[in-house]
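Peer 1: Give me a model of this one.
(one chain, ligands or ions: 1)
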Amino acid sequence: MERFYVTTPIYYVNAKPHLGHAYTTIVADCLNRFHKALGQETFFLTGTDEHGDKIVQAAEANGESPKAYVDRISGMFRDLYPSLGVEYDRFVRTTEPQHVGTVQTILQKVYDSGDIYFAEYTGLYCYGCERFYTEKELEDGLCPQHQKAPEEIKESNYFFRMSKYKDWLAEYIRANPQFIRPTRYAKEVLALLESGELEDLCISRPKHRLDWGIELPFDKDYVCYVWFDALINYLTGVDWPDGENFPKFWPGVQHFVAKDILKPHAVFWPTMLKAAGIDLYNSLNVHGYWLVDHTKMSKSLGNVISPLDMVERYGTSAFRYYLMREMHFGNDASFSEEGLVARLNADLANDLGNLFSRVLSMVHKYQGGTVPTPGAFTEEDEALMELGRESMQNFVQLFEHVEFSRALESLWEFVRAMNKYVDDMKPWALNKGGETERLGTVMYVLLEGMRKAAAFLWPVMPEACEQMLVQLQGAFDPMTLDLVQEATHWKGLAPGGELAKVSNLFPRVDWEKKQDEAPKPEPRQKKAKDRKESKKVDEKSAGDEGFIEFGDFQKLDLRVGTVTGGEKHPDADKLLRLDVDLGEMGKRQIIAGLAEFFTPEDLAGKQVVVVSNLKPRKLRGLESQGMILAVRTDQGMRLLTPTDSAPDGSRVS
Ligand code: MSP
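Peer 2: I've put the predicted structure just below:
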């Protein structure tokens, strides 16, 4: 029996799942189901990446321990998947003991083989990316991902002799065209390998800087670099080295990632495998970004698309269909809710939904609601069946080559042809003319074609297709799907079977109305009545003794930030205009009443505590985006500051 193993990246738990995570996971789920429907034994691995500075910073910013934080966010990913119709076989977490053991075994193996060495290194490090950058990789001296200047760090560390394998890897990529798909990404990797710039990989972090990681088995003062740890999840997932899944599913694995993590997957990972003496993966499949209004999704732009919102508004099947149909795998695509509605209305409601409701209602009206026995097929029937066969065969080929959009397009030719066949065969006229046998044949051709369409679309829209198949055959078991056989016959439906009376799977969506239903942003001005109400609540929660509830305190978002510059306020003697860096939350301009006590130069480089969610207000013409906490004493003003430096943006709790 053929086997299929598919993986998604293991997602960082420093943010809630969004559209991008949902997309790769849905792609993997579609392919997994597709291979199941081809009769193969499949394995689908996903999970969460839980070590590294980024996670520690996010946990601190939320006032949680790293462990409590990773448990919570990893749980959010697991909870999301059923509503996306995603059914994985194994969810791996990099903090689980089995994974820790696997990483340590591989580290020791590579160390023993001489491919890991110890050396001093000075480099430019971006905390956001958790990696060192070369000067050339920076954009105007800034990290291209975070637009922040990296810091120069000197450290003694362990290095993996990655550069030793660069010629071997280039050769391998050239000889194996399926290794990195689409081809343009293989070319990108080859250009990198040929540029002569590939260096050895620093694979450790000293514990004094970061201890949230997997300890190196050969030096307890260091933890493993998060990427070296994370990539190994693909082996943990199939229980390397001794589990029975490993020889079953490795090395035939298909990895799916977006272009942001091409280098770790196309360069670090194969060289790591080679050094550990493990066979290379079969293919790395690389897709583009989902953009929103042609820009990257980001928290600060407030344009992050929540997959759950989309599923709640349009259903799992329509959401999955839109994603698979709209993105040409490898290229970027632009997400728009209006575009989703347009696809839903045109492809699902008009073409597919309409076909189902029309044909089922005609069989009930003219033929008692059961599957008729077909008579001899005519030329027109054969033509439709031939078109169907071709479109199914194309679908299979294109899907296997990760060309999902074209595969769906090809299947839609068949769906549209069935609608046209209804118009051309005019079942209502056949009924009127008493041509019962011919009517039965026409209906059979359609019902069997609809069953095939539902079977082929099941990997993409499992929920809706299961309902369609139940409407046609009374029951459905995915194990009985056999897409290879489907394309070879036209007799899957047993005559006499009961058919559902109605089918209304994809009601049309009125975009104008839908926009009105969308949750409105909070009105800026509260009504007088609400103001009174909220005053009452505030008084109540403050209690008689002037106490506040813990929840009230939690409303304050206090953050640590660094003053990066500033000047005297041009129009106010007592005020300073200061620039404060709040890390991931960005830079703020804060107007503070500190000019009598400090000059901007006194404050530059100092860490302060900022009320970050104070509504911005203008002070003598300049907007203040927060407030710096300070204490007035007899001797003057004292600023609140952490005893030891804390990462900018950390939450004070
Ligand atoms: N933890 C690493 C991956 C380690 S794998 C051994 C990581 N995590 S991540 O949370 O940042 O996820 C990146 C992946 O999320 C992308 O490669 C892609 O699969 C998905 N996407 C995140 N944003 C995306 C878009 N805007 N568009 C499409 N997919 C994107 O990197």
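
Peer 1: Tell me the spacing between the residue in the chain positioned nearest to the ligand and Ala376.
Peer 2: Closest approach between the chain and the ligand, counting by CB to the nearest ligand atom: Gly20, at 2.2 Å. (Each C-beta comes from the backbone N, C-alpha and C, glycine too.) In this view, Gly20 and Ala376 are 53 Å apart by CB to CB, to the nearest Å.

Peer 1: neighbour count winner among the two?
Peer 2: Gly20 (21 against 8; other CB atoms under 10 Å).

Peer 1: Run through the residues that contact the nearest residue to that one once chain neighbours are set aside.
Peer 2: Leaving aside its chain neighbours, Gly20 sits nearest to Trp290 (5.6 Å; criterion: CB to CB, 6 or more residues apart in numbering). When contacts are counted by CB atoms under 8 Å, 6 or more residues apart in numbering, Trp290 is found next to 19-20, 23, 297, 305, 327, 332-335.

Peer 1: repeat for Asp648
Peer 2: Neighbours of Asp648 in contact, by CB under 8 Å, 6+ apart: 559-562, 581-583, 607.

Peer 1: what about it, which SS state?
Peer 2: Judged by DSSP: H, G, I helix; E, B strand; the rest coil, the three-state class of Asp648 is coil.

Peer 1: Neighbours of the nearest residue to it once chain neighbours are set aside, how many?
Peer 2: Closest residue in space to Asp648, ignoring its immediate chain neighbours: Gly583 at 3.5 Å, by CB to CB, 6+ apart. The number of residues packed near Gly583 is 21, by other CB under 10 Å.

Peer 1: The one 10 residues further on too?
Peer 2: Other residues lying near Gly593 total 17 when counted by other CB under 10 Å.

Peer 1: got the residues of the chain near the ligand?
Peer 2: With the criterion set to CB under 6 Å from any ligand atom, the chain comes near the ligand through 9-12, 20-21, 23-24, 49, 230-231, 233, 257-258, 260-261, 289-290, 297.

Peer 1: one more time with 5 Å, if that's ok
Peer 2: Within the chain, the residues that sit near the ligand (CB under 5 Å from any ligand atom) are 9-12, 20, 24, 49, 230-231, 257-258, 261, 289-290.

Peer 1: what two of the residues you listed are the furthest from one another?
Peer 2: Leu231 and Trp290 (23.5 Å; CB to CB).

Peer 1: just checking, Phe268 touches Leu201?
Peer 2: Yes: here Phe268 reaches Leu201: they are 6.2 Å apart, a contact under CB atoms under 8 Å.

Peer 1: which helices and strands does the one helix or strand Val189 maps to pack with?
Peer 2: In this structure, Val189 sits in helix 183-194 according to DSSP states H and E. Helices and strands touching helix 183-194, as assessed by 3 or more CB pairs under 8 Å, 6 or more residues apart in numbering; DSSP states H and E, comprise helix 166-175, helix 262-263.

Peer 1: Now that helix: buried residues?
Peer 2: Across helix 183-194, burial judged by 16 or more other CB atoms under 10 Å covers 185-186, 188-190, 192-193.

Peer 1: is it possible to export the residues you listed to CSV including pLDDT and distance to Val509?
Peer 2: Shown next, in CSV, are the buried residues of helix 183-194 (pLDDT from 0 to 100; distance: CB to CB, whole Å):
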residue, pLDDT, distance to Val509
Tyr185, 98, 36
Ala186, 98, 40
Glu188, 98, 39
Val189, 98, 42
Leu190, 98, 45
Leu192, 96, 45
Leu193, 97, 48
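
Peer 1: Out of the contacts of Trp290, show me where the pLDDT dips lowest.
Peer 2: Ranked by pLDDT, those bottom out at Met297, which scores 85.

Peer 1: Next, the contact list for that one, please.
Peer 2: Shown in contact with Met297 (CB under 8 Å, 6+ apart): 18-20, 290-291, 303-305.

Peer 1: switch the cut-off to 10 Å
Peer 2: 18-20, 289-291, 303-305, 335 (CB atoms under 10 Å, 6 or more residues apart in numbering).

Peer 1: Same check on Leu231?
Peer 2: Neighbour list for Leu231: 9-10, 49, 103, 106, 255, 261, 264-265, 268-270, 272-273 [criterion: CB under 10 Å, 6+ apart].

Peer 1: Inside strands: which ones of those residues?
Peer 2: Mapping the contacts of Leu231 onto strands (DSSP state E) picks out 49, 255.

Peer 1: Among the contacts of Leu231, find me the one that's closest to Val611.
Peer 2: Distance to Val611, by CB to CB, is smallest for Asp49 among these, at 32.5 Å.

Peer 1: State the number of residues packed around the closest one.
Peer 2: There are 25 residues near Asp49, going by other CB under 10 Å.

Peer 1: So which helix or strand of the protein has the lowest pLDDT on average?
Peer 2: Across the helices and strands of the chain, mean confidence by mean pLDDT, DSSP states H and E is lowest for helix 528-542: a mean of 38.

Peer 1: follow-up on the earlier one: present the buried residues of helix 183-194 as CSV; the columns should include distance to Ser83.
Peer 2: Formatted as CSV, the buried residues of helix 183-194 follow (distance: CB to CB, whole Å):
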residue, distance to Ser83
Tyr185, 31
Ala186, 35
Glu188, 35
Val189, 35
Leu190, 40
Leu192, 39
Leu193, 41
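
Peer 1: What residues sit buried inside the helix or strand that contains Phe43?
Peer 2: Element membership of Phe43, judged by DSSP H and E, is strand 41-49. With burial defined by 16+ other CB under 10 Å, the residues of strand 41-49 counted as buried are 42-49.

Peer 1: what lines up beside it in the sheet?
Peer 2: Paired with strand 41-49 in the same sheet, following DSSP bridges, are strand 3-7 (parallel), strand 11-12 (parallel), strand 90-93 (parallel).

Peer 1: what's the next secondary structure element after that strand?
Peer 2: Immediately after strand 41-49, counting by DSSP H and E, sits helix 53-61.

Peer 1: Who are the packing partners of that next one?
Peer 2: Helices and strands touching helix 53-61, by 3 or more CB pairs under 10 Å, 6 or more residues apart in numbering; DSSP states H and E, are strand 11-12, helix 66-83, helix 226-231, strand 558-568.

Peer 1: could you redo the last one with a cut-off of 6 Å?
Peer 2: When contacts are defined as 3 or more CB pairs under 6 Å, 6 or more residues apart in numbering; DSSP states H and E, helix 53-61 packs onto helix 66-83.

Peer 1: Identify the spatial nearest neighbour of Thr122, chain neighbours not counted.
Peer 2: Nearest non-adjacent residue to Thr122, counting by CB to CB, 6+ apart: Lys154, 4.4 Å away.

Peer 1: May I have the helix or strand that contains the one you found exported as PDB, CA atoms only?
Peer 2: Lys154 is located in strand 151-160, with elements delineated by DSSP H and E. Taking Å, rounded to 0.1, in the frame of the first residue of the first chain, the C-alpha atoms of strand 151-160 are listed here in PDB:
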ATOM      1  CA  GLU A 151      22.500  44.100  18.600                       C
ATOM      2  CA  GLU A 152      26.100  43.200  18.400                       C
ATOM      3  CA  ILE A 153      26.700  40.200  20.600                       C
ATOM      4  CA  LYS A 154      29.900  38.300  21.500                       C
ATOM      5  CA  GLU A 155      29.500  34.700  22.600                       C
ATOM      6  CA  SER A 156      31.200  31.400  22.800                       C
ATOM      7  CA  ASN A 157      28.900  28.900  21.200                       C
ATOM      8  CA  TYR A 158      28.600  25.600  19.500                       C
ATOM      9  CA  PHE A 159      28.500  25.500  15.700                       C
ATOM     10  CA  PHE A 160      27.200  23.000  13.200                       C
END
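
Peer 1: can the strands paired with strand 41-49 go into JSON lines with extra columns for mean pLDDT?
Peer 2: Shown next, in JSON lines, are these (pLDDT from 0 to 100):
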{"stretch": "strand 3-7", "mean pLDDT": "98"}
{"stretch": "strand 11-12", "mean pLDDT": "96"}
{"stretch": "strand 90-93", "mean pLDDT": "98"}
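
Peer 1: Go through those and pick out the most buried.
Peer 2: Each of the strands paired with strand 41-49 was assessed for mean neighbour count using mean count of other CB atoms under 10 Å. The highest is strand 3-7, with a mean of 23.
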